[in-house]
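K.L.:
need a 3D model of the following:
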Amino acid sequence: MTELRRAIVYVRVSSDAKGHGRSVAEQKAECRMICEREGWRVAMVIEDNDLSASRYARKARPGYERLWEVLRPNDVLVVWEASRAQRDLEAYVQLRNLCHDRSVLLSYSGQTYDLSKGNDRFTTALDALLAERASDEMSARTLRALSANAAAGRAHGKIPYGYKAVRDPVTGRIVQRARDDAEAKVIREIVERLLGGESLYRIAADLTERSVPTPGKSTKWHGSHISKMMRRATYAGLRSHNGEIIGPGRWEALITEQEYRRLTAILEAPERLTHRGPEPAHLLSGIAECGVCGGPMRRLKGHGYPAYTCDAKGRHVSRSVKHLDEYVTGAVLAVLQDPRLIAAMNDERAENEHLDTARALRIRLEEFYIAASEGDITAAALGHIESRLLPQIEEAEQRGRQVFINPMVTKVAGPGAQESWTGLSLIEQRDLVRSIVRVTVLKQPTRFFDKACVVLEWRV
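P.N.:
Numbering: from 1, shown residues only. Next comes the predicted model:
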């Protein structure tokens, strides 16, 4: 008895708010019907949900990429229609070569193609061109709508915490977002506390204890949720698309643009404000690093004396908690009282220069969006312009973040650093240490504490 040909079914659906596309379930059902009709054995169904296949897509398609791993010689790849596999001619060529090299048949729209045959290669290539053209036209329509919104500064997406919907009295449609005074007050409090040097953990715990309403259904505030929320450019009155700021919005800002940039610097730098979970018991636990493997060092339980030890098997390095804490604390306080650091904190010119550069580039990009919406430049030309301007904007903003000094440092630095340090909680002390120094512990030749075997790399 002849063995049934093995079929690999690939289904994909991209975002479709209007519900015009075929769902994954519908595609699976039709593909299975074709396999049953042709006498193919369905060995695997691979899907990508809510992912685009066009050359404008920004997200990878893990299911599609998996085809290169699972397709075997003499298999048949079954998709609902040509555009489910790709809307990009270059991607089609890669898939065609895969099927040709492995003697895999390609089936879509009820037809089966053998890509070792010239006529089938021509037909499938033509279908790929048509799919790419449809993608280009769809992208142009989307671009016109987004550009028109950007030009007008109109909001899009869900109403964020801190705002409320303003509806048309006749149609009931949302026409604008306005400040929600109660929630906006919470946003302002979070901003001021973060810029004042408080940790996400402490802010979240305090809001929860005071029963302040959360943005979602949870009754508790979480540091990770606050971090994600406060990275939204919306609060600075800025409109973004696909994670990129593209211009000012037509709604009231709750924070200034400079405050937003400073928040981003704090929240996106892992060494600055990263505490999560229960309160730690030791200053350098998880902060000090092993000089052998680079892993974190933590307080070792069951040891003869309190010691930080490398997490790795074999415990490469260990050091007295008391001696290491005292040495690092002394070094940190010396830096915090350094007049050069205090002078740098009082100079905002460098930060403002970089932010002004980023702002000018965004205005320039917005002008191109408007030109594209009016048909003066093509979608392809705009894509090329974006590819050049967006990295420049990101670089300028990154430079602005680099010269910004963590507010916890500005809170403590100065002649009274010793007293200020004593008044901090352990979490705040840890955040401060993490923000200004990297601590690496090397092996030492004797059992006695040796400062030369502790490397301090300053971040300020």
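
K.L.:
tell me the domain boundaries of the chain?
P.N.:
Here the domain assignment for the chain is 6-147, 163-268, 288-458, based on the TED database.

K.L.:
how far does the last one sit from the chain's center?
P.N.:
If you compare the mean C-alpha spot of domain 288-458 with that of the full chain, they lie 19 Å apart, counting by Cα atoms, centre = their mean, to the nearest Å.

K.L.:
all the strands of the stretch 151-300 of the chain, residue numbers only.
P.N.:
With DSSP state E, counting those that start in this stretch as the criterion, the stretch 151-300 of the chain has strands at 163-167, 174-179, 238-241, 244-248, 289-290, 297-299.

K.L.:
please read the previous query as pertaining to the stretch 1-150 of the chain.
P.N.:
Assigned by DSSP E, counting those that start in this stretch, the stretch 1-150 of the chain shows strands spanning 6-13, 41-49, 76-78, 105-108, 111-113.

K.L.:
alpha carbons only: can I get stretch 245-259 in CSV?
P.N.:
Coordinates of the C-alpha atoms in stretch 245-259 are reproduced here as CSV (Å, rounded to 0.1, in the frame of the first residue of the first chain):
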residue,chain,number,x,y,z
ILE,A,245,7.2,59.0,18.7
ILE,A,246,5.9,60.8,15.5
GLY,A,247,4.7,64.1,16.8
PRO,A,248,2.6,66.1,19.2
GLY,A,249,-0.9,65.0,20.1
ARG,A,250,-4.2,66.9,20.4
TRP,A,251,-4.8,66.1,24.0
GLU,A,252,-3.6,67.6,27.3
ALA,A,253,-0.2,66.5,28.5
LEU,A,254,-0.1,65.3,32.1
ILE,A,255,3.7,65.6,32.3
THR,A,256,6.4,67.6,30.5
GLU,A,257,8.5,66.2,27.7
GLN,A,258,11.6,66.5,29.8
GLU,A,259,9.9,64.6,32.7
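
K.L.:
that stretch: which residues count as buried?
P.N.:
Under the neighbour-count criterion of 16 or more other Cβ atoms under 10 Å, stretch 245-259 has Ile245, Ile246, Gly247, Pro248, Gly249, Trp251, Ala253, Leu254, Ile255, Glu257, Glu259 buried. (C-beta placed from N, C-alpha, C; glycine too.)

K.L.:
ok, of those, which one's closest to Pro415?
P.N.:
When the buried residues of stretch 245-259 are ranked by distance to Pro415 (Cβ to Cβ), Glu259 comes first, at 27.8 Å.

K.L.:
quick check: closest non-adjacent residue to the closest one.
P.N.:
Val191 (5.8 Å; Cβ to Cβ, 6 or more residues apart in numbering).

K.L.:
could you do Ala165 as well?
P.N.:
Nearest one to Ala165, counting by Cβ to Cβ, 6+ apart, is Ile174 at 4.6 Å.

K.L.:
again, but for Ala182
P.N.:
Pro213 (8.0 Å).

K.L.:
next, count neighbours for that neighbour.
P.N.:
Applying other Cβ atoms under 10 Å, we find 12 residues neighbouring Pro213.

K.L.:
so where is the stretch 301-450 of the chain shaky, pLDDT-wise?
P.N.:
Residue ranges of the stretch 301-450 of the chain with pLDDT under 70: 302-304, 314, 342-352, 373-374, 398-407.

K.L.:
ranges for the helices of it?
P.N.:
Secondary structure of the stretch 301-450 of the chain (DSSP state H, counting those that start in this stretch): helices at 321-336, 339-345, 349-373, 379-403, 407-412, 417-422, 426-436.

K.L.:
tell me which other helices or strands the fourth one touches.
P.N.:
When contacts are defined as 3 or more Cβ pairs under 8 Å, 6 or more residues apart in numbering; DSSP states H and E, helix 379-403 sits against helix 118-152, strand 244-248, helix 257-268, helix 349-373.

K.L.:
lowest average confidence across the strands of the stretch 151-300 of the chain, which one?
P.N.:
Lowest mean pLDDT within the strands of the stretch 151-300 of the chain: strand 244-248, at a mean of 69.

K.L.:
residues contacting the residue nearest to Ala165?
P.N.:
Ile174 makes contacts with Ile159, Ala165, Val166, Arg167, Asp168, as judged by Cβ atoms under 8 Å, 6 or more residues apart in numbering.

K.L.:
repeat that with 10 Å
P.N.:
Ala155, Ile159, Lys164, Ala165, Val166, Arg167, Asp168 (Cβ atoms under 10 Å, 6 or more residues apart in numbering).

K.L.:
can you pick the most crowded of the residues you listed?
P.N.:
When neighbours are counted by other Cβ under 10 Å, Ala155 leads these with 20 neighbours.

K.L.:
report how many residues lie close to Gly414.
P.N.:
15.

K.L.:
how close does it sit to Pro339?
P.N.:
10 Å (Cβ to Cβ, to the nearest Å).

K.L.:
same thing with Val454?
P.N.:
25 Å.

K.L.:
got the contact list for the nearest residue to Leu263 once chain neighbours are set aside?
P.N.:
Nearest residue to Leu263, sequence neighbours excluded (Cβ to Cβ, 6+ apart): Met230, at 5.3 Å. With contact taken as Cβ under 10 Å, 6+ apart, Met230 is in contact with 187, 190-191, 194, 200, 203, 255, 259-260, 263-264, 266-267.

K.L.:
and Gln27, by the same measure?
P.N.:
With Cβ under 10 Å, 6+ apart, Gln27 has these contacts: 9-13, 21, 45, 47, 78-81, 84.

K.L.:
also Glu30?
P.N.:
Applying Cβ under 10 Å, 6+ apart to Glu30 gives the contacts Val9, Val11, Arg22, Val78, Trp80, Glu81, Ser109, Gly110.

K.L.:
quick check, pLDDT for it.
P.N.:
pLDDT, read off for Glu30, is 86.

K.L.:
next one: the one 5 residues further on
P.N.:
According to the prediction, Cys35 has pLDDT 91.

K.L.:
would you mind measuring from it to His316?
P.N.:
Cys35 is 56 Å from His316, by Cβ to Cβ.

K.L.:
kindly report the same for Val409.
P.N.:
For Val409, the distance to His316 - Cβ to Cβ - is 31 Å.
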